[in-house]
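Student: got a predicted structure plus its sequence, pasted below:
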Amino acid sequence: MKPLLIALLLASPALADDDTPKFGMAGLLSSKNKQDLPPITLSAGEPLAAAPWELTSGTYYEFEIQSDGSQELALIGPEFFRAIWIDEIVVQGLEIRPLGLDSLEFDEAGEMEIGFIAIKPGSYTLRVPGAGDLQTLQITIR
């Protein structure tokens, strides 16, 4: 995973035309490269999000997943999770730095925050298994 991150840092447009740094000392993890996404809501029979996500490869994103506990719900999206580099997942103040992710599940009400860098361009889906199109989030990485 480290070679991939190093390659991304070297290939990123870190210098502008006038050779001034575009990012801070943290490179892709710099606050100048960070964007917040709208939260995903896990609730029985409710949509996951108001609109699809349009992401840019090389940008750092953060979003929250909020569950109201109305039902035990999972969120799956292995293709999406393999197209991003997850920096951290924060649950009740505990920071988790996973090597990868396939799915996650809320057994009760709660929330988590995920920070990641979009890497691989393409179209992806996050969804609640067996819930149909209503509980699906379409994601495009450009």
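Tutor: Perfect, I can see it now.
Student: what residue is smack in the middle of this structure?
Tutor: residue 116 (5.0 Å; CA atoms, centre = their mean).
Student: show me what contacts that one?
Tutor: For residue 116, the contacting residues are 60-62, 84-87, by CB atoms under 8 Å, 6 or more residues apart in numbering. Placement of C-beta: from N, CA and C, glycine included.
Student: check which element follows the lowest-mean-pLDDT helix or strand in the chain along the chain.
Tutor: Using mean pLDDT, DSSP states H and E, helix 2-11 stands out as the lowest-scoring helix or strand of the chain, at a mean of 55. Per DSSP states H and E, the first helix or strand lying C-terminal to helix 2-11 is strand 34-36.
Student: in its sheet, which strands sit next to that next one, and in what direction?
Tutor: strand 60-67 (parallel) (DSSP bridges).
Student: now the partner strand: buried residues?
Tutor: Residues 60-61, 63, 65-67 are the ones in strand 60-67 that count as buried (16 or more other CB atoms under 10 Å).
Student: repeat that for stretch 46-56.
Tutor: Buried, per 16+ other CB under 10 Å, within stretch 46-56: 48-49, 53, 55.
Student: any chance of these in a markdown table, with pLDDT, distance to residue 92 and secondary structure too?
Tutor: Below are those laid out as a markdown table (pLDDT from 0 to 100; distance: CB to CB, whole Å; DSSP: H, G, I helix; E, B strand; the rest coil):
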| residue | pLDDT | distance to residue 92 | secondary structure |
| --- | --- | --- | --- |
| 48 | 93 | 22 | coil |
| 49 | 92 | 23 | coil |
| 53 | 96 | 25 | strand |
| 55 | 97 | 27 | strand |
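Student: closest one of those residues to residue 112?
Tutor: Residue 112 lies nearest to residue 48 out of the buried residues of stretch 46-56, by CB to CB, at 14.3 Å.
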